[in-house]
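1. Below is the sequence, then the predicted model.
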Amino acid sequence: MIEWANRGKSGRPDEGNGTNRPRKVRVHSEKESPLTIENSKLTLSLAARLRQHDACLLTTIIVPSSHPIAVAMATAGKEFNTKKQQDKSGVLAPPYIYAWSAAVLAAIEVPEVSEKDKAVLLQHASTVSRPEQLLEHVYISRAAVAFAPGTHKINFSVSAELQPVLDALLRTLVLTGGCAKFGTPPRSSGERKVAKLLADLGEWNLPPAL
């Protein structure tokens, strides 16, 4: 109590006590450390490698945000979160399983779907009675807001057994305004920012502007 109750006339802690003197704060050096620079370079290299892996493993379609399949997938995700919050002890399949099912059912209802593709989608929907049946076959199924305003990016990755179903789904998406994307995806905003910071330090070469 003596230490913290010992106050000067001004009501502030006694500045005569060396332990109460203002502490010196070390100012951060403007020169970046070699470790920070090398970590940033490694981050960019790994990010580029991950984008290459995405190009090999994922099927990507860009659609208008109002597309019925994108809307159905987004709605399935929201319903999953609601159920998860209401019953935290309940056992649910992963959310991408419900997103896949929503995409298939929505594609069946699209007026432009061909009879052949509709038959494939209907057969798949009728043979899957439980979401657990898809756990070993659907790896990724998601719809997220894309970079361009008013668009969504849809990603799929499935087993070889479900490839005919995915092909029917993709044809329906393209037929109704979807744009299939091929090759390595563009850099993310975070990746571009890190590259710009390194370039400003003379530690990275930016790609030429198109």
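-> Right, received. Where do you want to start?
2. Could you pull up the contacting residues of Pro64?
-> By Cβ atoms under 8 Å, 6 or more residues apart in numbering, the contact set of Pro64 is 70, 150-152, 177. (Each C-beta comes from the backbone N, C-alpha and C, glycine too.)
3. repeat that for 6 Å
-> Neighbouring residues of Pro64 by Cβ atoms under 6 Å, 6 or more residues apart in numbering: Gly177.
4. What does it show for phi and psi?
-> Main-chain dihedrals, Pro64, degrees, to the nearest 10: phi -60, psi 150.
5. swap in Thr36?
-> Taking degrees, to the nearest 10 as the convention, Thr36 sits at phi -60, psi -40.
6. With the one 5 residues further on instead?
-> Lys41 adopts backbone torsions of phi -60, psi -40, taken as degrees, to the nearest 10.
7. Model confidence at it, what's the number?
-> If you check Lys41, the pLDDT there is 91.
8. Ok, Leu201 next?
-> Leu201 is assigned 86 on the pLDDT scale.
9. tell me which helix or strand of the chain sits lowest on mean pLDDT?
-> Ranked by mean pLDDT, DSSP states H and E, the weakest helix or strand in the chain is helix 2-5, scoring a mean of 36.
10. which SSE is the closest residue to Gly90 other than its chain neighbours in?
-> Leaving aside its chain neighbours, Gly90 sits nearest to Lys83 (7.1 Å; criterion: Cβ to Cβ, 6 or more residues apart in numbering). Assessed by DSSP states H and E, Lys83 sits inside helix 68-86.
11. Which secondary structure state does the residue nearest to the spatial centre of the chain sit in?
-> Centroid-nearest residue in the chain: Ala144, 7.4 Å away (criterion: Cα atoms, centre = their mean). Classification of Ala144 by DSSP: H, G, I helix; E, B strand; the rest coil places it in strand.
12. go on, His152?
-> His152 ends up strand, using three-state DSSP.
13. That one and Ala72, how far apart?
-> 11 Å (Cβ to Cβ, to the nearest Å).
14. Compare neighbour counts for those two and give me the winner.
-> Neighbour totals were compared for His152 and Ala72, and His152 leads with 23 against 20 (other Cβ atoms under 10 Å).
15. is the more buried one in a bridge, and if so with what?
-> For His152, the beta-bridge assignment (DSSP bridges) gives partners Val63, Val145.
16. just checking, it touches Ser65?
-> Yes: counting by Cβ atoms under 6 Å, His152 touches Ser65, with 5.0 Å between them.
17. Spell out the residue ranges of the strands in this structure.
-> All strands of the chain, identified by DSSP state E, fall at 59-64, 138-145, 151-158, 179-181.
18. Pull out the buried positions in the second one.
-> In terms of neighbour count (16 or more other Cβ atoms under 10 Å), strand 138-145 has its buried residues at 138-139, 141-143.
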